[in-house]
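Trainee: Below is the structure, and that's it, no one-letter string:
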């Protein structure tokens, strides 16, 4: 079965620190990859997405992610975090399985940025 | 343009009660889905629909029913609520077209359900 793993459950950083959140998936075929963000008390919003082409994708608010096919990974990065980046981040993989469209989410990583 | 609208925002039920969570979207999206969000487990797909009259089960369908009589609406029904269904429920929709797998989801604001 398709699965998505986010190994960092809770990350605490100081402002201006660099961020990297891991995401690995288990699916051998063509995938589309997403990172969603959920700010406190809000619904999920799309941060960035990878469909094809350049494996380094840039999203909103200075975030970027790199798709490494050989490692089945799609890690999220930001060079310098801000207090306003405090949120929960979800990696998601979209693949066709037995003719069905399926979007599978990871368990999420809670990021806490301290001022 | 309201996007995805979920009602109610909060609900408390007693074990065995039934209720319907409403979801409506005004973006003419063909694909609609229901997720539940639980601590440490991320979002898990309950049911989804690729168009009016078509529904399918997701990862955790037991205890829930859905129907899709119109493109706009996708209600989620709990026939006999159980404490294990205490969760935050999100409805999400997206476009389906020739590149259907690439459409990002648009989420509603969620319904926080407590079953006592």
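Mentor: Received it, and whenever you're ready, just let me know what you need. Treat the numbers as computed from the prediction; the structure is a model and nothing was measured.
Trainee: ok, and the closest non-adjacent residue to residue A:84?
Mentor: Distances taken as C-beta to C-beta, 6 or more residues apart in numbering or on different chains place residue A:113 nearest to residue A:84, at 7.8 Å, with adjacent residues excluded. For glycine as for every other residue, the C-beta is placed from the backbone atoms N, C-alpha and C.
Trainee: Same check on residue B:21?
Mentor: Nearest-residue entry for residue B:21: residue B:76, 4.4 Å, with adjacent residues in sequence omitted and distances by C-beta to C-beta, 6+ apart.
Trainee: try residue A:87
Mentor: Among residues not flanking residue A:87 along the chain, residue A:39 sits closest, at 4.6 Å (C-beta to C-beta, 6+ apart).
Trainee: who does residue B:76 bridge with?
Mentor: With DSSP bridges as the criterion, the beta-bridge partners of residue B:76 are residue B:21, residue B:66.
Trainee: mind listing what it touches?
Mentor: Applying C-beta atoms under 8 Å, 6 or more residues apart in numbering or on different chains, one finds that residue B:76 lies in contact with B:20-21, B:23, B:34, B:46-47, B:64-66, B:89, B:91.
Trainee: Can you tell me which of these is closest to residue A:12?
Mentor: When the contacts of residue B:76 are compared for distance to residue A:12, the smallest value, 28.9 Å, is given by residue B:89; criterion: C-beta to C-beta.
Trainee: Correct me if wrong: that closest one contacts residue B:114.
Mentor: No. Residue B:89 sits out of contact with residue B:114 when judged by C-beta atoms under 8 Å, with a separation of 11.5 Å.
Trainee: With neighbour numbers in mind, choose between the two.
Mentor: Under the neighbour definition other C-beta atoms under 10 Å in any protein chain shown, residue B:89 and residue B:114 were set side by side, and residue B:89 has more, 23 against 13.
Trainee: want to throw the contacts of residue B:76 into a markdown table with pLDDT?
Mentor: Putting the contacts of residue B:76 into a markdown table (pLDDT from 0 to 100) gives the following:
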| residue | pLDDT |
| --- | --- |
| B:20 | 97 |
| B:21 | 98 |
| B:23 | 97 |
| B:34 | 94 |
| B:46 | 92 |
| B:47 | 92 |
| B:64 | 97 |
| B:65 | 97 |
| B:66 | 97 |
| B:89 | 97 |
| B:91 | 95 |
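Trainee: which one among those gets closest to chain A?
Mentor: Using C-beta to the nearest C-beta, the shortest approach to chain A within the contacts of residue B:76 belongs to residue B:91, at 9.5 Å.
Trainee: who touches that closest one in this structure?
Mentor: Taking C-beta under 8 Å, 6+ apart as the definition, contacts of residue B:91 comprise B:4, B:6, B:21, B:23, B:25, B:32-35, B:74, B:76, B:107-108.
Trainee: Next, the buried residues of the longest strand anywhere in chain B.
Mentor: Scanning chain B for the strand with the most residues, using DSSP state E, yields strand B:42-51. Along strand B:42-51, these residues count as buried under the neighbour rule (16 or more other C-beta atoms under 10 Å in any protein chain shown): B:42-50.
Trainee: How about the helix or strand residue A:77 falls within and chain B, any contact?
Mentor: Residue A:77 is part of strand A:73-78, with elements assigned from DSSP states H and E. No. Strand A:73-78 stays clear of chain B (C-beta under 8 Å from any C-beta of the partner chain), getting no nearer than 14.5 Å.
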